[in-house]
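Student: Please find the sequence and the predicted model below.
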Amino acid sequence: VKRVAIFGSQGQLGQELADVFAKRGYETACFDRSCVDITDAEGVGKAVASYAPALVLNAAAYNKVDLAENEPDVAYRVNSLAVRNLAQAAHAADAKFITYSTDYVFDGTGDEPYREHVAPRPLSAYAVSKLSGEFYAMASSEQSLVIRTCGVFGPYGRTTAGGNFVETMLRLAASEKPIRVVEDFIASPTYAPALAARTADLVEADASGIFHVGGGEPITWFDWARKIFAAAGVTPDVKATNAREFPTPAERPRYSALSNAKMTALGIAPMPSLDEAIRSYLDRRATAASA
Ligand SMILES: NC(=O)c1ccc[n+]([C@@H]2O[C@H](COP(=O)([O-])OP(=O)(O)OC[C@H]3O[C@@H](n4cnc5c(N)ncnc54)[C@H](OP(=O)(O)O)[C@@H]3O)[C@@H](O)[C@H]2O)c1
């Protein structure tokens, strides 16, 4: 039985990875922040060496894009130097290393889903820290796998500290306050359970290097919010806004949808549609809430 070490195992993706790999018959060891802080090189080295896994998965990240502008050093330690810790520990233990990066490595001047060969040009401290993490992952071993994803939403986001866009929209709808969502940014929101399953598919296809796994459907954040409200059967007061009316500390790419063509060319199943994903999300969320 192959052993998998999962770091950041309490995040919305980390919990899905634990479920998917266990279901596929792997033995999993889950390391959350309270047990191993990935910025602690010695702790990471000991955890990996003592478990001796075949795979090291990193689902931990610093995801506070706006806050990172004020504390770029913190973002860099988690998203870059800690990825180096994990990649080096995996390499020393002869394990394959898998980590996640972001659509924000691109500058957003494109107008079709980004392929892996397009040159990155990150616009923010968060984006630079994630891109630097990609370089460290690949520097340790050519067998490392870097999966860039986008706007991750999974049912575990209902209870994680970071949450996700769906939870934010449902909370705002319940508050009955007017909701403003940007219509001048296009992304490809990604369903965490499907992202975790495609991660296992990529590993089983022996993929290495950079792969994009986005939601497969470019959509504005405003339209995505409307889709969420329709699926949830709620009718809040939602209106479109834009970056000019609603400036943020961090600059973001205007267009950052990802193309999954490199992944599907390996014979791996495409991602579910956003309609299917949001239905599944709301079903699982309701089940979890009633449990
Ligand atoms: N969420 C998105 O929209 C999005 C978009 C593009 C790419 N991604 C990437 O996708 C991956 C998964 O993201 P996610 O949505 O699952 O994030 P998430 O739910 O915020 O989970 C991240 C986890 O990392 C943990 N963590 C943070 N710093 C740590 C440290 N120093 N040591 C150990 N654990 C630490 C967090 O713990 P605490 O709660 O204690 O901080 C949290 O459990 C990340 O690489 C992320 O950058 C996400």
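Tutor: Cool, the structure landed. In this text the structure is predicted, and so the values were computed from the model without any measurement.

Student: The stretch 101-250 of the chain against the ligand: which residues are in contact?
Tutor: Counting by CB under 6 Å from any ligand atom, the stretch 101-250 of the chain comes close to the ligand at 102, 149-152, 160-162. Placement of C-beta: from N, CA and C, glycine included.

Student: show me where the protein has helices.
Tutor: Remark: helices assigned in the chain by DSSP state H are 12-23, 41-51, 72-76, 82-92, 125-140, 165-175, 192-204, 221-232, 261-264, 274-290.

Student: okay, those in TSV with mean neighbour count and mean pLDDT next?
Tutor: Converted to TSV, the helices of the chain look like this (neighbours: other CB atoms under 10 Å; pLDDT from 0 to 100):
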stretch	mean neighbour count	mean pLDDT
helix 12-23	22	98
helix 41-51	17	97
helix 72-76	17	98
helix 82-92	24	98
helix 125-140	22	98
helix 165-175	17	96
helix 192-204	22	98
helix 221-232	19	98
helix 261-264	18	98
helix 274-290	15	94
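
Student: got the ones you listed as a markdown table, with distance to residue 65 columns?
Tutor: As requested, the helices of the chain are exported to a markdown table (distance: least, CB to CB, whole Å):
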| stretch | distance to residue 65 |
| --- | --- |
| helix 12-23 | 16 |
| helix 41-51 | 24 |
| helix 72-76 | 9 |
| helix 82-92 | 17 |
| helix 125-140 | 4 |
| helix 165-175 | 13 |
| helix 192-204 | 18 |
| helix 221-232 | 14 |
| helix 261-264 | 25 |
| helix 274-290 | 22 |
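
Student: Can you select the buried ones from the residues of the stretch 101-250 of the chain next to the ligand in PyMOL?
Tutor: The buried residues among these can be selected in PyMOL (16 or more other CB atoms under 10 Å) with this line:
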select buried, resi 102+149+150+151+152+160
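
Student: Indicate the residue of this structure located nearest to the ligand.
Tutor: When distances are taken as CB to the nearest ligand atom, the chain reaches nearest to the ligand at residue 11, 2.1 Å away.

Student: list the contacts for that residue?
Tutor: Taking CB atoms under 8 Å, 6 or more residues apart in numbering, we find residue 11 in contact with 59-61, 156, 160, 162.

Student: and which of those residues is nearest to residue 120?
Tutor: Of all the contacts of residue 11, residue 120 sits closest to residue 61, with 16.9 Å by CB to CB.

Student: I'd like the distance between the closest one and residue 218.
Tutor: Taking CB to CB, to the nearest Å as the measure, residue 61 falls 23 Å from residue 218.

Student: go on, residue 56?
Tutor: Residue 56 is 32 Å from residue 218, by CB to CB.

Student: Repeat that for residue 195.
Tutor: Relative to residue 218, and taking CB to CB, residue 195 is found at 17 Å.

Student: next one: residue 88
Tutor: 36 Å.

Student: got it, and residue 196?
Tutor: Relative to residue 218, and taking CB to CB, residue 196 is found at 22 Å.

Student: again, but for residue 107
Tutor: From residue 107 to residue 218 the distance is 16 Å (CB to CB).

Student: ditto for residue 234
Tutor: 24 Å.

Student: Between these two, point out the one with more neighbours.
Tutor: residue 218 (20 against 13; other CB atoms under 10 Å).

Student: Verify the contact between that one and residue 113 for me.
Tutor: Yes - Residue 218 is in contact with residue 113 according to CB atoms under 8 Å; the separation is 6.2 Å.

Student: which residues are common contacts for those two?
Tutor: 188, 257.

Student: wait, what's in contact with residue 232?
Tutor: 170, 173, 282.

Student: quick one: it from residue 279, how far?
Tutor: 10 Å.

Student: Before I go, just wanted to say thanks for your time.
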